[in-house]
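Visitor: have a look at this prediction, sequence included:
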2 protein chains.
Amino acid sequence: MAISPTGCVFCAVASGDAPAHIVAETDEAFAFLDTRPVFPGHTLVVPRSHLETLADLPALSLAGYFGFVQKVAIAVEAGLTADGTFVAINNKVSHLHTHVVPRRRKDGLRGFFWPRTKYESDDQAADVAKLIRAAM
Amino acid sequence: MAISPTGCVFCAVASGDAPAHIVAETDEAFAFLDTRPVFPGHTLVVPRSHLETLADLPALSLAGYFGFVQKVAIAVEAGLTADGTFVAINNKVSHLHTHVVPRRRKDGLRGFFWPRTKYESDDQAADVAKLIRAAM
């Protein structure tokens, strides 16, 4: 897949330099099929601007971007007669993108499919909560 | 954990009937520690209203809710000196909640940790994209 002068594949899709199956577009974002889907219809929703993570999305863009993610999630579910969707952002230095994955009952991805753990004590949990509260 | 008259645990946390380590609150939403975290600091961001999925979030609430998710993600990363976060919504009939999970390099969750597949052909992908486009 072609990449942009900055080396960003999503910028290359935005500019039309890399091919993609576009499913929807707005002035500020676009949505296209992930080429390596978890399930067919796995879509990526990407702002046209090269924002690195969710933290970089301007306040004025929140409603527009997530309203578009919401519409794409509804369309992925309706268009593919799925039972639901999984919507996820992995925030690392990249070009911000939101995954929208169609889900079906008995699709083999049981709810959250990552290892759950427990706090050693309620005090440990309280300490962790305090650290986050202090950073808000 | 106590549940609300409607049987919803998140409504019970919202009303104060179920205990939780709250990390942040607004008039419309609150954030608290998941009791079975993927990693310590795994936080759930929940609207006070019993909305079932992302599709039910009113347009006027998008900026407020996702601005709050954004702030929580920034605080989870900063407060716990993590390297990033994973932000996810599993849309099934429930009480809408967004997971914010701190991520660290070599934390064992390699990027996306679910099985990737491929389209059998570009035509197959084009057909799937068409179904979603038609539902937008």
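Guide: Looks like it arrived, so ask away.
Visitor: the closest residue to residue A:8 other than its chain neighbours and residue A:34, how far apart?
Guide: Distances taken as C-beta to C-beta, 6 or more residues apart in numbering or on different chains put residue A:95 closest to residue A:8, at 5.2 Å, once the chain neighbours are dropped. C-betas here are computed from N, CA, C, even on glycine. Distance of residue A:95 to residue A:34, given as C-beta to C-beta, to the nearest Å: 14 Å.
Visitor: residue A:68 too?
Guide: Applying C-beta to C-beta to residue A:68 and residue A:34 gives a distance of 17 Å.
Visitor: so what's the residue positioned nearest the centre of chain A bridging to?
Guide: Among the residues of chain A, the one closest to the centroid is residue A:98, at 1.5 Å (C-alpha atoms, centre = their mean). Residue A:98 forms beta bridges with residue A:45, as assigned by DSSP bridges.
Visitor: so where do the helices sit in chain A?
Guide: Ranges of helices within chain A are A:9-15, A:59-79, A:122-135, based on DSSP state H.
Visitor: rebuild those helices as a markdown table, extending it with mean neighbour count, distance to residue B:46 and mean pLDDT.
Guide: A markdown table is the format used below for these (neighbours: other C-beta atoms under 10 Å in any protein chain shown; distance: least, C-beta to C-beta, whole Å; pLDDT from 0 to 100):
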| stretch | mean neighbour count | distance to residue B:46 | mean pLDDT |
| --- | --- | --- | --- |
| helix A:9-15 | 20 | 30 | 94 |
| helix A:59-79 | 20 | 16 | 97 |
| helix A:122-135 | 16 | 15 | 94 |
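Visitor: would JSON lines of the ones you listed with distance to residue A:49 be doable?
Guide: Compiled in JSON lines, the helices of chain A are given as follows (distance: least, C-beta to C-beta, whole Å):
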{"stretch": "helix A:9-15", "distance to residue A:49": "9"}
{"stretch": "helix A:59-79", "distance to residue A:49": "8"}
{"stretch": "helix A:122-135", "distance to residue A:49": "26"}
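Visitor: reformat those helices as JSON lines; add distance to chain B.
Guide: Shown next, in JSON lines, are the helices of chain A (distance: least, C-beta to the nearest C-beta, whole Å):
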{"stretch": "helix A:9-15", "distance to chain B": "13"}
{"stretch": "helix A:59-79", "distance to chain B": "3"}
{"stretch": "helix A:122-135", "distance to chain B": "3"}
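Visitor: re earlier: what sits against the residue nearest to the centre of chain A?
Guide: By C-beta atoms under 8 Å, 6 or more residues apart in numbering or on different chains, the contact set of residue A:98 is A:44, A:45, A:46, A:69, A:87, A:88, A:89.
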